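The following block contains a protein sequence and its predicted model.
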Amino acid sequence: MSNWVTAVFSPTGGTSKIAAAIAGSRMGSRIDLCAPVAPHPLPAGTPLLAVLPVYGGRLPAIAVKRLREIQGSGNPAIAVVVYGNRAYDDALLELKDVLTACGCTVVAAAAFIAEHSIARSIATGRPHAEDLAKCVEFGAAAAAKLATSMETVSVPGNPEYRPLPQMPVTPHVTEACGGCGMCVRKCPTGAIPATDPRKTDAAKCILCMRCIALCPRKARILPPPVLAGFTARLNAIASEPRQPELYL
């Protein structure tokens, strides 16, 4: 098997760490789904590793749209979702369905945990060393299966999918903003206008938290009462550490 093509949507970096650990030395070209993707036919036989985060039990719609630009012709695929310790609900099934529609056969799948991108006290520090070791183990097992079998895997989820979540708020900008435009350039959905980086288009924002994570002046924040309420709700339902789930 040739090196894997790896497609990743990772606004704050946790999903990217997991993708790198799974692929290891098998990683070939990398497709950044945080940016627009041109039509990308896969070379015959080349495996595709797709690693996407879970937002409210679903995949980010913009990431799915860009992933659909990658077209296979029976290529083997590995589907991986990354979630913030609450649940991944229908996201893994959704990813398998998307990859199948792209002309791939999903032969391995997994769900891993990363620090919650909004409530950083949930799954703090994950993926930790044990998570990354499990990623390496899964990558090796997936590679071994690819060498011998193209049997598709079954994954949990409701085929009707849960509704896409509505974003309750957008990041706010403080007086610390210097107008550097980094958030404009890096926003995966183009929700921050270049003409006024202090604004956010609520219709486009998916609350991926990238602008907050990357702002050099820490000028983008969530309103403290909103963040406190969100964190309190997650503490009540997502404080027990979850473990990776592998499907081979």
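Right, received. Where do you want to start? Residues are numbered from 1 along each chain as shown.

going forward, measure contacts and count neighbours with C-alpha atoms only.
Noted.

Give me the distance between Ile192 and Ala228.
Applying Cα to Cα, to the nearest Å, the value for Ile192 to Ala228 is 24 Å.

Tell me which of these two has more neighbours.
Ile192 (24 against 13; other Cα atoms under 10 Å).

List every C-alpha atom in the strand or helix carrying Ala109, with coordinates, as PDB.
Assigned by DSSP states H and E, Ala109 belongs to strand 104-113. Taking C-alpha atoms only, strand 104-113 is exported to PDB below (Å, rounded to 0.1, in the frame of the first residue of the first chain):
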ATOM      1  CA  CYS A 104     -14.200   4.800  -0.700                       C
ATOM      2  CA  THR A 105     -14.600   1.600   1.300                       C
ATOM      3  CA  VAL A 106     -14.400   2.200   5.000                       C
ATOM      4  CA  VAL A 107     -12.300  -0.700   6.400                       C
ATOM      5  CA  ALA A 108     -11.500   0.800   9.900                       C
ATOM      6  CA  ALA A 109     -13.000   3.400  12.100                       C
ATOM      7  CA  ALA A 110     -12.400   4.900  15.600                       C
ATOM      8  CA  ALA A 111     -13.600   7.600  18.000                       C
ATOM      9  CA  PHE A 112     -10.900   9.400  20.100                       C
ATOM     10  CA  ILE A 113     -11.100  12.100  22.800                       C
END
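
Neighbours of the nearest residue to Cys102 once chain neighbours are set aside, how many?
Distance criterion Cα to Cα, 6 or more residues apart in numbering; nearest residue to Cys102, sequence neighbours excluded, is Gln71 at 5.0 Å. Residues lying near Gln71 (other Cα under 10 Å) number 19.

Please verify my assumption that Gln71 contacts Thr105.
No. Applying Cα atoms under 8 Å, one finds Gln71 not in contact with Thr105, separated by 11.6 Å.

list the contacts for Gly139?
21-24 (Cα atoms under 8 Å, 6 or more residues apart in numbering).

What is the nearest of these to Val5?
Taking Cα to Cα as the measure, Val5 sits nearest to Ala23 out of these, at 9.2 Å.

Now the closest one: which helix or strand?
helix 14-23.

Could you list the residues in contact with that helix?
4, 6, 8-10, 27, 49, 51-53, 82, 112, 114-115, 126-127, 132-133, 135-140.

Leu52 in helix, strand or coil?
strand (DSSP: H, G, I helix; E, B strand; the rest coil).

Roughly how far does it sit from Ala61?
From Leu52 over to Ala61 (counting by Cα to Cα), the distance is 11 Å.

Could you list the low-pLDDT ranges of this protein?
1-2 (pLDDT under 70).

ok, 90 please
For the chain, the stretches flagged by pLDDT under 90 are 1-2, 165-168, 230, 238-239.

can you pull out the strands in it?
According to DSSP state E, the chain carries its strands in the segments 4-8, 27-32, 40-41, 48-53, 70-71, 75-83, 104-113, 172-173, 220-221, 245-247.

returning to that earlier point: what about the contacts of Gly139, which one has the most neighbours?
Ile22 (28 neighbours).

Could you report the distance from it to Met182?
In terms of Cα to Cα, Ile22 sits 30 Å off from Met182.

Go through whichever helix in the chain runs longest and flag the buried ones.
For the chain, the helix with the greatest residue count under DSSP state H is helix 129-146. Across helix 129-146, burial judged by 16 or more other Cα atoms under 10 Å covers 131-132, 134-136, 138-140, 142-143, 146.
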